[in-house]
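A.B. asks: Provided below are the primary sequence and the corresponding predicted coordinates.
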Amino acid sequence: MSTELGTLILGVLVIVVVGAIAWGAVARGRASGLKISVAKLLDVQVTVGAETREAVGDDVRAAAAGRGQTLDTAAVNVPASVHLGRILWVDDHPDNNLHESIAFERLGLAVTKTTHADGAMEYLRSLRYSVVITNWGRQDGTQVADFVRQVASSYPDATVIVYTSPAQVAAGDASRSGADVVTADPQELLGSVFLRLSSAS
């Protein structure tokens, strides 16, 4: 049985059991009302096996190599467990982040990609995302600093990460945009996402 199917079955069982217990308490008069946070009920933490951690490490090293960077084999730190969450990735060239996306997906994280700020805002209005990742240089005419500020003010629970080139990080414009994290390092990107998802639980 796949990990995703097992997680889904477990989630449904938890909901059914909690619902039955709560209904029983209300029916027997032990409780006059019931309040259940679905967000907390569906907070799932997945244990990451050694083989998957190694594969994610390989993905991060491949991402670094694609950016002209070298990572020490021991330097890639993949946690033993991950809280599931949703990532919105805005980049007009999404395949530039192929290895990073694969790393997140291997860990069970949902990655939604869009190439335009307008599409990103529609996704954000419709679905809940823990993390929004954007590149800095955009060819769709979007002022990325304005996009970052709009996301930060309209969706304060989402961590905004600018993932860009070392030259753009050094220039400092992205750092002044109001993003929570600005990085060109795939390992720092992964670590920032893990930190956000662990603090959301």
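C.D. replies: Everything's here; your move.
A.B. asks: and after the helix or strand of the chain with the lowest mean pLDDT, which helix or strand comes next?
C.D. replies: Counting by mean pLDDT, DSSP states H and E, the chain has its least confident helix or strand at helix 38-41, which shows a mean of 53. Elements were assigned by DSSP states H and E; along the chain past helix 38-41, the next helix or strand is strand 45-47.
A.B. asks: buried set for the following helix or strand past that following strand?
C.D. replies: Sequence order places helix 50-66 as the next helix or strand after strand 45-47, per DSSP H and E. If you call a residue buried by 16 or more other Cβ atoms under 10 Å, then helix 50-66 has these buried ones: Thr52, Arg53, Ala55, Val56, Gly57, Asp58, Asp59, Val60, Arg61, Ala62, Ala63, Ala64. Using the backbone N, CA and C atoms, a C-beta is placed for each residue, glycine as well.
A.B. asks: just list the residues touching the third one, thanks.
C.D. replies: Applying Cβ atoms under 8 Å, 6 or more residues apart in numbering to Ala55 gives the contacts Arg106.
A.B. asks: that one and Leu189, how far apart?
C.D. replies: The spacing between Ala55 and Leu189, counted by Cβ to Cβ, to the nearest Å, is 17 Å.
A.B. asks: how about the residue most central in space within the chain, secondary structure?
C.D. replies: Nearest to the mean C-alpha position of the chain, by Cα atoms, centre = their mean, lies Ile87 at 3.6 Å. Following DSSP: H, G, I helix; E, B strand; the rest coil, Ile87 is assigned to strand.
A.B. asks: now the helices for this structure?
C.D. replies: Taking DSSP state H to define them, one finds helices in the chain at 3-27, 38-41, 50-66, 98-106, 117-126, 144-154, 166-171, 186-199.
A.B. asks: export those as JSON lines, with columns for distance to Ala80.
C.D. replies: As requested, these are exported to JSON lines (distance: least, Cβ to Cβ, whole Å):
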{"stretch": "helix 3-27", "distance to Ala80": "15"}
{"stretch": "helix 38-41", "distance to Ala80": "22"}
{"stretch": "helix 50-66", "distance to Ala80": "7"}
{"stretch": "helix 98-106", "distance to Ala80": "14"}
{"stretch": "helix 117-126", "distance to Ala80": "30"}
{"stretch": "helix 144-154", "distance to Ala80": "31"}
{"stretch": "helix 166-171", "distance to Ala80": "30"}
{"stretch": "helix 186-199", "distance to Ala80": "11"}
